[in-house]
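Visitor: Sharing a model prediction with you, sequence too.
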Amino acid sequence: MSAATPTGGPAAGAIRCDGCGAANPTGHRFCTRCGLGLGLACPACHAPVEADSRFCGRCGSALDPIGAAEQPSELTPEASPAAGGRRVVSVLFADLVGFTPLAEGKDPEAVREFLSGYFDVARTVITRAGGVVEKFIGDAVMAVWGSDRAREDDAERAVRAGLELVAQVATYGEEHQRPGLATRAGVVTGPVATWASQGEGLVAGDRVNLASRVQAAAQPGWVLVDAATREASHAGVAYEPAGAHTLKGFTEPIELWRAERVRARVGGRGRGGDWEAPFVGHRHELAWCKDTFHDVAERSRARLLSLTGLAGVGKSRLIWEVEKYLDGLRADVFWHRGRCLAYGEGVAFWPLAEMVRGRLRLTEDMGPVDLESGLDAGLAALELPPGEVGPLREALAVLIGLAAPELEREELFARWRRLFELLAREAPVVLVVDDCQWADIGLLDFLESLLDWSAAQPLLVVTLSRPELAERRPGWGTGRRNAAALALEPLTTPEMTELLRGLVPDLPSGTAARVVAAAEGIPLYAVELVRALAEQGTLARRGERY
């Protein structure tokens with residue numbers, strides 16, 4: 001729990017509010033100043049305890065250090081609300097569901113270890129999304145976006161964190177043989193009082209209490225938000241109305257919405273069209289991709305991730321989910337993507353040229369003169385060391401077709417690698433190569449040289465291919481220490497049915513069964529069949545749905 005820790009002592013029995021620091025009489029459940037729920041927590045397992053308790057009722061740990069007599073009474077100047085101000089923030093409250101029966105009868109040490117792992121998961125998810133964990137209350141967590149300085153995407157990042165936390169907790173429960181474990185979350189956006197205390201941003205106000213109430217109204221696995229949060233984030237997050245709710249402490253019913261999924265990069269950039277189905281199946285594969293990226297970023301090492309599967313099975317959709325996830329992280333990521341062409345002249349390094357053009361903001365319709373000036377401007381914008389620009393420009397001019405190759409292949413490779421190494425000094429670099437079954441041998445050679453020579457850089461190379469790549473390049477993705485291969489299987493019948501339900505909620509069961517049978521587990525086929533039904537006039541559009 002994060003709270004102000006000033007000097008002095010209140011009258012015996014007072015309970016210090018973790019939100020605003022006010023002293024409240026014993027027996028009060030909510031702060032009389034800011035409305036935040038009051039409660040002390042065991043330092044070992046974080047279960048709620050009474051102010052005069054000496055031992056935790058859940059794990060038996062001694063509670064002397066958090067007795068009422070040790071609670072501070074006065075705010076220090078550093079923790080004074082006057083030292084902060086009034087800000088618009090987004091508050092996330094999340095609570096475990098189903099933990100109490102799972103913990104019943106278990107060894108206290110095991111319970112504490114399990115809860116500590118959960119807290120680590122929550123803290124990691126929130127921190128990566130740019131939030132600040134304000135406190136843990138029992139098995140609930142409160143986090144805030146915007147307490148230090150407001151950002152226009154605070155609300156969206158808070159909702160993204162809520163959705164990610166729901167997914168991570170489900171996985172955490174499965175990994176620890178607790179499949180019934182789930183979490184629910186509420187996100188509220190609005191003005192609060194803020195101040196700084198020991199390097200942390202604290203907030204107080206009725207929005208804090210409302211976030212707790214909204215969380216309590218959610219079903220397991222749900223993220224509910226208020227109108228302000230939805231308005232600020234609907235471009236990048238898909239929502240469903242959850243109706244008006246009468247919440248304790250609030251006189252008027254409050255309209256809430258359920259966050260279903262992230263559907264674009266932050267701010268709605270790259271948002272798909274009407275026919276983007278919800279992401280179904282391949283949940284573990286997505287988690288694996290995320291973990292691989294964080295391993296690359298945190299351990300600063302290059303890795304190859306080879307994703308293979310039949311056409312339409314969901315490789316591109318999986319990597320789109322990864323892209324949206326990375327775009328929502330607080331830290332920068334240099335994302336590059338290029339596609340291998342099946343035929344044509346001069347296509348050997350086409351995907352790499354696409355990546356460089358994108359990084360330098362060069363378009364395909366540029367003529368030679370514009371390309372020359374654009375190349376210089378793009379390199380200048382990267383603020384590279386002066387001695388690096390000349391050699392890089394010479395090699396990149398060859399790559400984008402401005403100059404004939406005069407350098408040996410090994411020298412070209414070295415200079416192309418150098419560009420990504422310099423970028424990796426600033427932030428992790430991701431290179432995604434689509435349709436790698438058509439990749440030229442030279443491109444595969446370059447990617448392997450990048451993985452070998454730049455092994456100590458935060459570089460993630462992702463190749464998407466059909467199974468035929470194994471015939472042309474046996475062992476791709478499996479024949480090296482820093483490589484891994486992942487094969488995507490067709491979706492099961494229940495997964496395909498869920499996909500159709502998310503795409504067209506009222507599709508008759510008989511029609512849905514015929515579509516599922518015809519698609520044979522390939523999501524793309526199912527989407528195209530539904531699109532054909534719409535073109536025939538069989539489906540009616542209502543808002544954003546058919």
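Guide: That came through, no problem. Predicted model only: the values in this text are computed from it and were never measured.
Visitor: Could you use CA atoms for every contact and neighbour count after this?
Guide: Fine.
Visitor: now the residue nearest the centre of the chain: how far from residue 315?
Guide: Closest residue to the average C-alpha location of the chain: residue 325 at 4.1 Å, with Cα atoms, centre = their mean. Plainly put, residue 325 is 16 Å away from residue 315 if you go by Cα to Cα, to the nearest Å.
Visitor: and what of residue 471?
Guide: On the measure of Cα to Cα, residue 471 and residue 315 end up 19 Å apart.
Visitor: try residue 442
Guide: From residue 442 to residue 315 the distance is 23 Å (Cα to Cα).
Visitor: Which one's more surrounded, the two?
Guide: A side-by-side neighbour count of residue 442 and residue 315, using other Cα atoms under 10 Å, places residue 315 first with 22 against 12.
Visitor: give me every residue that touches that one.
Guide: Residue 315 makes contact with 307-309, 464, 488, according to Cα atoms under 8 Å, 6 or more residues apart in numbering.
Visitor: would JSON lines of the residues you listed with neighbour count be doable?
Guide: Formatted as JSON lines, those follow (neighbours: other Cα atoms under 10 Å):
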{"residue": "307", "neighbour count": "25"}
{"residue": "308", "neighbour count": "26"}
{"residue": "309", "neighbour count": "18"}
{"residue": "464", "neighbour count": "23"}
{"residue": "488", "neighbour count": "18"}
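Visitor: Closest one to residue 395 out of these, please.
Guide: Lowest distance from residue 395 to those (Cα to Cα) belongs to residue 464, with 26.3 Å.
Visitor: Please pull up the helix or strand immediately following the strand or helix carrying the closest one.
Guide: Using DSSP states H and E, the element containing residue 464 is strand 459-465. Where DSSP H and E defines the elements, the next helix or strand beyond strand 459-465 is helix 469-472.
Visitor: Which positions in that next one come out as buried?
Guide: Residues of helix 469-472 classed as buried by neighbour count (16 or more other Cα atoms under 10 Å): residue 469.
Visitor: and it, what does it pack onto?
Guide: Taking 3 or more Cα pairs under 8 Å, 6 or more residues apart in numbering; DSSP states H and E as contact, there are no helices or strands that helix 469-472 lies on.
Visitor: which other residues reach that helix?
Guide: Taking Cα under 8 Å, 6+ apart as the rule, helix 469-472 contacts 436-438, 476.
Visitor: So which of these wins on neighbours?
Guide: residue 436 (27 neighbours).
Visitor: ok, now how distant is residue 517 from residue 524?
Guide: Distance from residue 517 to residue 524, by Cα to Cα: 13 Å.
Visitor: The nearest residue to residue 527 once chain neighbours are set aside: how many residues sit nearby?
Guide: Closest residue in space to residue 527, ignoring its immediate chain neighbours: residue 275 at 6.9 Å, by Cα to Cα, 6 or more residues apart in numbering. By other Cα under 10 Å, the residues close to residue 275 number 15.
Visitor: Flag the shaky bits of the chain, pLDDT-wise.
Guide: 1-85, 102-103, 105, 195-201, 273-274, 344-346, 543-544 (pLDDT under 70).
Visitor: pull the longest strand from it.
Guide: The residue-count maximum for a strand in the chain (DSSP state E) belongs to strand 182-197.
Visitor: returning to that earlier point: which residues are in contact with the residue nearest to the centre of the chain?
Guide: Residue 325 touches residue 265, counting by Cα under 8 Å, 6+ apart.
Visitor: secondary structure class for it?
Guide: What DSSP: H, G, I helix; E, B strand; the rest coil gives for residue 325 is helix.
Visitor: ditto for residue 307
Guide: Residue 307 is classified as strand under three-state DSSP.
Visitor: is it true that it touches residue 463?
Guide: Yes. If you go by Cα atoms under 8 Å, residue 307 and residue 463 touch, sitting 6.0 Å apart.
Visitor: separation between residue 142 and residue 119?
Guide: 11 Å.
Visitor: if I look at the two, which residues touch both of them?
Guide: residue 136.
Visitor: More neighbours: which of the two?
Guide: residue 142 (24 against 17).
Visitor: Now do the same contact list for the more buried one.
Guide: Going by Cα under 8 Å, 6+ apart, residue 142 touches 91-94, 133-136.
Visitor: at 7 Å instead, please
Guide: Contacts for residue 142 (Cα atoms under 7 Å, 6 or more residues apart in numbering) come out as 92-94, 133-136.
Visitor: Kindly state the beta-bridge partners for the closest residue to it other than its chain neighbours.
Guide: Of all residues not flanking residue 142 in the chain, residue 93 sits nearest, at 4.6 Å (Cα to Cα, 6+ apart). Taking DSSP bridges as the rule, residue 93 bridges to residue 142, residue 186.
Visitor: Isn't residue 93 up against residue 214?
Guide: No. Assessed by Cα atoms under 7 Å, residue 93 is found out of contact with residue 214, at 8.3 Å.
Visitor: Identify the contacts common to these two.
Guide: Jointly contacting residue 93 and residue 214 under the rule Cα under 7 Å, 6+ apart are residue 186.
Visitor: So what touches the helix or strand hosting residue 255?
Guide: In this structure, residue 255 sits in strand 254-262 according to DSSP H and E. When contacts are defined by Cα under 7 Å, 6+ apart, strand 254-262 is touched by residues 160, 222-227, 236-246.
Visitor: Give me the buried entries from those residues.
Guide: By 16+ other Cα under 10 Å, those give 160, 222-226, 236-239, 242 as buried.
Visitor: Show me the helices in the stretch 251-400 of the chain, by range?
Guide: 283-299, 315-327, 350-360, 368-381, 386-399 (DSSP state H, counting those that start in this stretch).
Visitor: Help me confirm that residue 437 is found in a strand?
Guide: No. Residue 437 is assigned helix when assessed by three-state DSSP, not a strand.
Visitor: I'd like the distance between it and residue 369.
Guide: 34 Å.
Visitor: hang on, isn't residue 305 packed against residue 485?
Guide: Yes. Contact criterion Cα under 7 Å: residue 305 and residue 485 qualify, at 5.9 Å.
Visitor: intersection of neighbour lists for the two?
Guide: What both residue 305 and residue 485 touch, as defined by Cα under 7 Å, 6+ apart, is the set residue 477.
Visitor: Looking at the two, which has the bigger crowd around it?
Guide: Neighbours per residue (other Cα under 10 Å) separate residue 305 from residue 485, with residue 305 holding more: 22 against 17.
Visitor: For the more buried one, which residues are in contact?
Guide: With Cα under 7 Å, 6+ apart, residue 305 has these contacts: 461-463, 477, 483-485.
Visitor: Output the residues you listed as TSV; include the columns distance to residue 394.
Guide: TSV is the format used below for the contacts of residue 305 (distance: Cα to Cα, whole Å):
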residue	distance to residue 394
461	24
462	27
463	27
477	31
483	31
484	34
485	35
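Visitor: And those, which of them are buried?
Guide: Buried members of those, scored by 16+ other Cα under 10 Å, are 461-463, 477, 483-485.
Visitor: Residue 536: neighbouring residues, count only.
Guide: Neighbour number of residue 536 under other Cα under 10 Å is 9.
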